[in-house]
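Participant: coords please:
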Amino acid sequence: MTMFSGIQWPGGLGYLEILVLGILFYYIMLFFRGTRGAQVLTGFVLAMVLLMFITQFFRLDALNWILKQVSVYLSIAFIIIFQPEIRRALAELGRQPVFSASRSERSLVDKLVQATLLLAERKIGALIAVEGEIGTRTIQESGTRLDARLSPELLASIFFPHTPLHDGGVVIQNDRIMAAGCFFPLTSREEVSKALGTRHRAAIGLTEETDALVLVVSEETGTISIAYRGRLSRSFDEERLRRLLQRILVRGKQSRSRIKRVREQLKLSTQDVFDEEEWMKEGEHEG
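Facilitator: Down below sits the predicted model:
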């Protein structure tokens with residue numbers, strides 16, 4: 001009688017299930033590797049394993065039973081807590097590169113820069129969203145539909161104080177202003193700075209749910225900010241603004257693999273401001 005005689009080996013379907021589970025776990029770890037999500041997931045799993053081991057070793061049967069019952073609900077809680085990042089990551093799986101280096105995208109960048117600088121110079125508050133691959137139809141329906149050709153003068157007119165549409169946000173799609181006076185979802189993250197106003201929180205909120213890029217102009221200081229992938233960068237001058245818009249809207253997604261784009265969406269950042277210079281440097285290496 002050998003030491004393996006008592007082992008019941010899986011049949012054909014059993015090996016298939018093991019293969020499917022192995023592939024599933026491999027891609028989960030691939031998505032999370034190198035992101036903040038990996039740290040959260042690793043800490044979560046290690047804490048559960050450690051607690052299970054301690055309760056089992058010291059024969060704390062009641063606590064061990066409670067942990068086993070609660071572990072299922074904790075997994076569901078993990079999905080709920082990080083559902084915006086997971087949803088954006090899943091959306092990346094079926095999408096093609098969003099922006100290509102065509103003449104229309106360069107024209108879009110020029111118009112956005114002109115409009116934003118014009119608004120900032122006059123300290124006119126503005127909230128401008130440039131739609132990506134994920135649609136914003138619900139957001140557009142919350143405002144007034146325009147479907148007008150984008151121009152710096154038209155944007156300045158929309159956000160001019162006391163006009164009917166100046167309080168809401170503008171949605172731009174394919175070099176056209178699709179809607180104005182739109183309501184963007186506010187971010188609910190507690191770690192976002194309390195000093196940020198409603199426009200900045202709305203910008204972050206929209207980029208948490210979609211892959212849009214959002215420009216914000218402060219009406220108090222004329223400061224230009226950019227929200228992207230749930231993060232916010234502030235105090236842009238013309239050079240930095242143009243460089244980052246070109247990086248995202250023109251060269252942005254062509255050189256990155258789909259797996260890497262998914263991992264970017266799973267970065268569960270605890271900061272509301274991203275390091276634009278570091279991100280730009282990373283993009284130059286990739287290009």
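Participant: going by C-alpha atoms from here, please, whenever you check contacts or count neighbours.
Facilitator: Fine.
Participant: for the stretch 51-200 of the chain, what spans make up the strands?
Facilitator: Here the stretch 51-200 of the chain has its strands, by DSSP state E, counting those that start in this stretch, at 126-130, 144-149, 169-173, 176-182.
Participant: so which of these gets nearest L249?
Facilitator: Nearest to L249, of all these, is strand 126-130, at 9.1 Å by Cα to Cα.
Participant: by contact count, what packs against that closest one?
Facilitator: Where contact means 3 or more Cα pairs under 8 Å, 6 or more residues apart in numbering; DSSP states H and E, strand 126-130 is packed against strand 169-173, helix 198-209, strand 213-217.
Participant: can you redo the strands of the stretch 51-200 of the chain as CSV with mean neighbour count and distance to L108?
Facilitator: What follows is the strands of the stretch 51-200 of the chain, written out as CSV (neighbours: other Cα atoms under 10 Å; distance: least, Cα to Cα, whole Å):
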stretch, mean neighbour count, distance to L108
strand 126-130, 25, 10
strand 144-149, 14, 11
strand 169-173, 26, 10
strand 176-182, 23, 9
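Participant: so which of those is nearest L206?
Facilitator: Nearest to L206, of all these, is strand 126-130, at 8.5 Å by Cα to Cα.
Participant: now do that closest one against strand 169-173, angle only.
Facilitator: Relative orientation of strand 126-130 with respect to strand 169-173: 30 degrees, computed using axes from the mean of the first three to the mean of the last three Cα atoms, to 10 degrees.
Participant: for strand 126-130, which strands pair with it and how are they oriented?
Facilitator: strand 169-173 (parallel), strand 213-217 (antiparallel) (DSSP bridges).
Participant: switch these over to TSV; also include mean pLDDT.
Facilitator: Shown next, in TSV, are these (pLDDT from 0 to 100):
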stretch	mean pLDDT
strand 169-173	95
strand 213-217	96
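Participant: hang on, the earlier thing: just send the helices and strands packed on strand 126-130 back as TSV, with distance to I86 too.
Facilitator: TSV is the format used below for the helices and strands packed on strand 126-130 (distance: least, Cα to Cα, whole Å):
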stretch	distance to I86
strand 169-173	24
helix 198-209	10
strand 213-217	19
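Participant: who wins for proximity to R247 among these?
Facilitator: That would be strand 213-217 among the helices and strands packed on strand 126-130, by Cα to Cα, at 11.7 Å.
Participant: and I28, which of the helices and strands packed on strand 126-130 is closest to it?
Facilitator: Nearest of those to I28, taken as Cα to Cα: helix 198-209 at 20.8 Å.
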